[in-house]
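Enquirer: Sequence unavailable; structure follows:
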């Protein structure tokens, strides 16, 4: 990619400012507050957009800092660039009332959609984070942040494992983790459903078990009633059956008793006693005759048999009911046993979880291996750049996966905190340039905003030589004259 033209229609202090860029080093020289950082910010805003902050954050955000000094409602600009052999025109309006963006290929007139990510596609996946951590160095911001480490690790696994840097390892790991959480949620739901079913079955089994014991107790009581009914039937059947309600001999005895009493006692007591006894015997005979009318002996036996039959029928029904309860209880126990075994759904979800864990584990193992490959490549490139810009003083830079760096002098390793500020900035510069060569298939312009403040003249000249030799387009912003003087001397 190469930037061909910047048109700051209304951006910061600039209005209708057009800047044409060429290959090689484009030097922007100016004193402080001349607008160098404004142009730098304009490029980033055109490529990645410019959002207004909310609340208190909006007071000093980038949007507010670079609002046009004149005509703030016409906050806009145009950037023309070349990528993949084609020429594009990117226009943006930043103000809150008419915010818009358009991207057109000037070779064939094709219009692209920024909303659907066409610009990111054309830029080969370059985003604001990698832009700021590699090819664009702002004032006093030469040290990249940890997002560069994550980007390098992601790129390493994607590229070295598949040969395709478009595959997103972090995205894949995040997706696997998301899927794993979904499966774990499904497993928890299945376990909760199983627990609920177990609780319901156990409750039902407890009710059935109590019914069984209650029925057993009722059968015991019923058995006692049946035994009593059998004894009563036997008594009724063993009682003598007579056709006489009062036997004649019994009446003769009663008459004889009256005669004896009448003869034994003297008058008038014999009459009185005889009358009393006669009345008593008459009452007895009357009651006897009444009892005899109630139930004949055959009926008593029949009633005893009927009562026993009812009790036996009730016993049979209760035994059948208890048998059903016992079968029901057995079935409930079988269902509980089946619940102890993993169901097909649970097995399926568990297999999915295991597969996702295995995939994650393999990706992480692969990532570890390929990160080692990336580390070797990154160290080689960064060391080569550092050696060239330091005049061979430091020829080996050791960078770990967290971007912690050490210099190797050939005899020992030393931490970068032990060297001068100028050397530290050269180390970070070498890291950024090496990372950009690894991360990007297409070469992007290098944008440097007062980056070489701490460089001595010799190392600055070496760095400019390296840029001329290795980069197709460089935008160099500086408030010092020595960059221009060195470049003129280098012709």
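Expert: That came through fine. The structure displayed is predicted, hence computed values, not measured ones.

Enquirer: ok, now which ones touch residue 251?
Expert: residue 285 (C-beta atoms under 8 Å, 6 or more residues apart in numbering). Using the backbone N, CA and C atoms, a C-beta is placed for each residue, glycine as well.

Enquirer: repeat for the one 3 residues further on
Expert: Shown here is residue 254, whose contacts under the criterion C-beta under 8 Å, 6+ apart are 281, 285.

Enquirer: tell me, what residue is most central in the protein?
Expert: residue 181 (4.0 Å; C-alpha atoms, centre = their mean).

Enquirer: Then that one would be within a strand, right?
Expert: No - using DSSP: H, G, I helix; E, B strand; the rest coil, the secondary structure at residue 181 is helix, not a strand.

Enquirer: Output the below-cut-off pLDDT ranges for the stretch 251-400 of the chain.
Expert: 288-297, 342, 366-372 (pLDDT under 70).

Enquirer: now the helices for it?
Expert: For the stretch 251-400 of the chain, helices defined by DSSP state H, counting those that start in this stretch occupy the ranges 269-294, 297-340, 344-389.

Enquirer: closest to residue 203 out of those?
Expert: helix 297-340 (9.9 Å; C-beta to C-beta).

Enquirer: So residue 441 versus residue 90, what's the distance?
Expert: From residue 441 over to residue 90 the distance is 20 Å, taken as C-beta to C-beta, to the nearest Å.

Enquirer: Residue 287 now?
Expert: Counting by C-beta to C-beta - residue 287 and residue 90 are separated by 128 Å.

Enquirer: what does residue 362 give?
Expert: The value you get for residue 362 to residue 90, if C-beta to C-beta is used, is 41 Å.

Enquirer: Comparing the two, which shows the higher neighbour count?
Expert: Neighbour totals were compared for residue 362 and residue 90, and residue 90 leads with 19 against 10 (other C-beta atoms under 10 Å).

Enquirer: Would you confirm that that one contacts residue 83?
Expert: No - with contacts counted by C-beta atoms under 8 Å, residue 90 stays clear of residue 83, the gap being 10.6 Å.

Enquirer: count of neighbours near residue 194?
Expert: As a burial measure, residue 194 scores 16 neighbours (other C-beta under 10 Å).

Enquirer: Identify the spatial nearest neighbour of it, chain neighbours not counted.
Expert: Nearest residue to residue 194, sequence neighbours excluded (C-beta to C-beta, 6 or more residues apart in numbering): residue 339, at 5.8 Å.

Enquirer: from memory that neighbour sits against residue 201, does it?
Expert: Yes - Residue 339 is within contact range of residue 201, at 7.4 Å (criterion: C-beta under 8 Å).

Enquirer: tell me the most buried of the helices of the stretch 251-400 of the chain?
Expert: Highest mean neighbour count of these: helix 344-389, a mean of 16 (counted as mean count of other C-beta atoms under 10 Å).

Enquirer: So which elements touch that one?
Expert: helix 146-162, helix 169-238, strand 397-399, helix 421-439, helix 457-470 (3 or more C-beta pairs under 8 Å, 6 or more residues apart in numbering; DSSP states H and E).

Enquirer: could you redo these as CSV and give each row distance to residue 44?
Expert: Below are these laid out as CSV (distance: least, C-beta to C-beta, whole Å):
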stretch, distance to residue 44
helix 146-162, 15
helix 169-238, 23
strand 397-399, 26
helix 421-439, 15
helix 457-470, 20
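
Enquirer: worst average pLDDT in those?
Expert: Looking at these, the lowest mean pLDDT belongs to helix 146-162 (a mean of 60).

Enquirer: Tell me the spacing between residue 27 and residue 454.
Expert: 19 Å.

Enquirer: Also residue 177?
Expert: Counting by C-beta to C-beta, the gap from residue 177 to residue 454 is 43 Å.

Enquirer: try residue 377
Expert: 28 Å.

Enquirer: strand partners of the longest strand along the chain, parallel vs antiparallel please.
Expert: Criterion DSSP state E: the longest strand present in the chain is strand 2-11. Strand 2-11 has the following sheet partners, assigned by DSSP bridges: strand 14-20 (antiparallel), strand 76-83 (antiparallel).

Enquirer: which of those strands is buried the deepest?
Expert: Per stretch, and counting mean count of other C-beta under 10 Å, the top mean among the strands paired with strand 2-11 goes to strand 76-83, which has a mean of 19.

Enquirer: and that one, what's its mean pLDDT?
Expert: Rounded mean pLDDT across strand 76-83 is 96.

Enquirer: which residues sit against it?
Expert: So strand 76-83 is in contact with 1-11, 42-43, 45-47, 87-95, 106, 122-124, 442, going by C-beta under 8 Å, 6+ apart.

Enquirer: Would you confirm that residue 304 contacts residue 229?
Expert: Yes - counting by C-beta under 8 Å, residue 229 is a contact partner of residue 304 at 6.9 Å.

Enquirer: if we can go back for a sec, which stretch among the strands paired with strand 2-11 approaches residue 268 most closely?
Expert: Comparing these by C-beta to C-beta, strand 76-83 comes nearest, at 153.6 Å.

Enquirer: Sheet-wise, list the partners of the regular element (helix or strand) spanning residue 88 with their directions.
Expert: Using DSSP states H and E, the element containing residue 88 is strand 86-93. Sheet pairing for strand 86-93, assigned by DSSP bridges, gives strand 76-83 (antiparallel), strand 100-105 (antiparallel).

Enquirer: quick one: contacts of that strand?
Expert: 4, 45-47, 49-50, 74-82, 99-107, 112, 119, 122.

Enquirer: Can you say which of those residues are buried?
Expert: Among these, those buried by neighbour count (16 or more other C-beta atoms under 10 Å) are 4, 45-47, 50, 74-81, 101, 103, 112, 119, 122.

Enquirer: roughly how far is stretch 419-438 from the heart of the chain?
Expert: 40 Å (C-alpha atoms, centre = their mean, to the nearest Å).

Enquirer: Go through it and flag the buried ones.
Expert: Quick answer for stretch 419-438 (16+ other C-beta under 10 Å): 422-438.

Enquirer: one step back: can you tell me which of the strands paired with strand 2-11 is nearest to residue 463?
Expert: Nearest to residue 463, of those and by C-beta to C-beta, is strand 14-20 at 23.6 Å.

Enquirer: Stretch 391-403: end-to-end distance?
Expert: Its first and final residues considered, stretch 391-403 spans 23 Å by C-alpha to C-alpha, to the nearest Å.

Enquirer: do stretch 71-79 as well
Expert: Stretch 71-79: ends 20 Å apart by C-alpha to C-alpha.

Enquirer: tell me which element residue 27 is part of?
Expert: Residue 27 is part of strand 24-29 when elements are defined by DSSP H and E.
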